[in-house]
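**Student:** Need the 3D shape of this:
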Amino acid sequence: MTVQWYPGHMAKAKRTLEDNLKLVNIVIELCDARLPYSSRNPAIDRIIGKKPRVLVFNKADLADPAQSEYWMEYYKKQGFTVVFTDARAGDGVKKVIAAVKKAMEEKVSRSLERGRIATTLYAMVVGIPNVGKSSFVNKVSGKAAAKTGDKPGVTREKQWLNMGDDIYLLDTPGLLWPRIDNQMAALRLAASGAIKDEVVDSGELCAFLLTFIDSHYPGLIEGRYNIKIPELSGDEERDYVTETVIGAERLEKGLAILEACGRARGCLVKGGEVDLGRAAALVLDDFRAGKTGKISLDFPEVLGEEADMAVMNEERMKQKEEKRAARKANYRSRKNGKR
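**Tutor:** Take a look at the predicted model:
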């Protein structure tokens, strides 16, 4: 399974983001606290450039606190202002407003020195789909001004909202990047709901998710679904070279766990077989709602995936060059033979 999703409206959203960037003083980059690394869009990072920003990780209530602490320190060391929030409950939202004001202190001071009595600040919130931007802007503005939903791609229209303290916020649609080369990251994004469920194989996605949870959070799956996890035989490391990012053994085990979960929850069809589609929907809903537990999908080891991908791409390029050279040599040999 290759996971990609970049509908036409996202290309338009990217152009809109680029145009609107010149209208704002600061950017609020909203990410998923369960995926502090994978949910950061590299395209957005390039577009923002050196514009002041506050890095906000939403849905902190669903994330593993230990991993959230690690990523907070990781980004602080890179010079980012970092805030973790639970926008639905409103936790951390006021910290974002305070962070925006602090980041803009120098600009406001310069304006006051020039004789301006009041200084209005303009901020823009950006991020990938389904990180809770609509919930965030609704909470920060104190009213349900933006549409919300649990599906990616709900926010579409440009909206300016009053955050208070002479700060206005521009809402923007969720934006993914055109090609996700790291398919492990793509699976994590799909599990979080950032990629439409309709474009992924729900069985394979759940196989990945369940084996990940079993590996990093032993006991959670058994406790949630009252099942016994089957043993895994063989090598469970990901294989980038052959692009089997899950691996045959992990896929087999994940589907076995999914079947056990479905059977335990009564997701059965005629003949007593498990409806894997229904079981997958149940497992994904449980994870996304936090019913399975406080789970983060980005552990520190994801930082090494980019290096692995670079090695893989270099090997691919080398193989392509060798094949191209072989074809040219073969062509020259045949051409010279005819002479």
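
**Student:** all helices for this structure, in order.
**Tutor:** Taking DSSP state H as the criterion, the chain carries its helices at 8-20, 42-48, 65-77, 93-103, 105-113, 133-141, 183-192, 202-216, 220-225, 248-264, 276-288, 305-338.

**Student:** Other residues contacting the fifth one?
**Tutor:** Applying C-beta atoms under 8 Å, 6 or more residues apart in numbering, the external contacts of helix 105-113 come out as 25, 101, 119, 121. Every residue, glycine included, has its C-beta placed from N, CA and C.

**Student:** how about a cut-off of 10 Å?
**Tutor:** Residues outside helix 105-113 that contact it (C-beta atoms under 10 Å, 6 or more residues apart in numbering): 25, 26, 52, 101, 104, 116, 117, 118, 119, 120, 121, 166.

**Student:** Among those, give me the pair with the biggest separation.
**Tutor:** Spanning the widest gap among the contacts of helix 105-113 are 52 and 117, at 22.8 Å by C-beta to C-beta.

**Student:** Those two: who's more crowded?
**Tutor:** Using other C-beta atoms under 10 Å as the criterion, residue 52 and residue 117 rank with residue 52 on top: 16 against 6.

**Student:** May I have the phi/psi pair for the more buried one?
**Tutor:** phi -50, psi 140 (degrees, to the nearest 10).

**Student:** wouldn't it be in contact with residue 21 here?
**Tutor:** No: in this structure residue 52 lies outside contact range of residue 21 using C-beta atoms under 10 Å: 11.5 Å.

**Student:** joint contacts of those two?
**Tutor:** Taking C-beta under 10 Å, 6+ apart as the criterion, residue 52 and residue 21 both touch residue 27.

**Student:** related to what we said a few turns ago, can you tell me which of the contacts of helix 105-113 are buried?
**Tutor:** With neighbours counted by 16 or more other C-beta atoms under 10 Å, the contacts of helix 105-113 contain buried members at 25, 26, 52, 101, 104, 119, 121.

**Student:** The fifth one contacts residue 167, correct?
**Tutor:** The one in question is residue 104. Yes: in this structure residue 104 lies within contact range of residue 167 using C-beta under 10 Å: 8.5 Å.

**Student:** Now do the shared contacts for the two.
**Tutor:** With C-beta under 10 Å, 6+ apart as the test, residue 104 and residue 167 both reach 25, 26, 119, 121, 122, 123.

**Student:** Turn those into a markdown table, including pLDDT and distance to residue 140.
**Tutor:** As requested, the shared contacts of residue 104 and residue 167 are exported to a markdown table (pLDDT from 0 to 100; distance: C-beta to C-beta, whole Å):
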| residue | pLDDT | distance to residue 140 |
| --- | --- | --- |
| 25 | 92 | 16 |
| 26 | 94 | 14 |
| 119 | 75 | 19 |
| 121 | 89 | 13 |
| 122 | 92 | 14 |
| 123 | 94 | 10 |
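
**Student:** between these, which is nearest residue 141?
**Tutor:** Of all those, residue 123 has the smallest distance to residue 141: 11.5 Å, by C-beta to C-beta.

**Student:** what's the spacing between that closest one and residue 54?
**Tutor:** Distance of residue 123 to residue 54, given as C-beta to C-beta, to the nearest Å: 8 Å.
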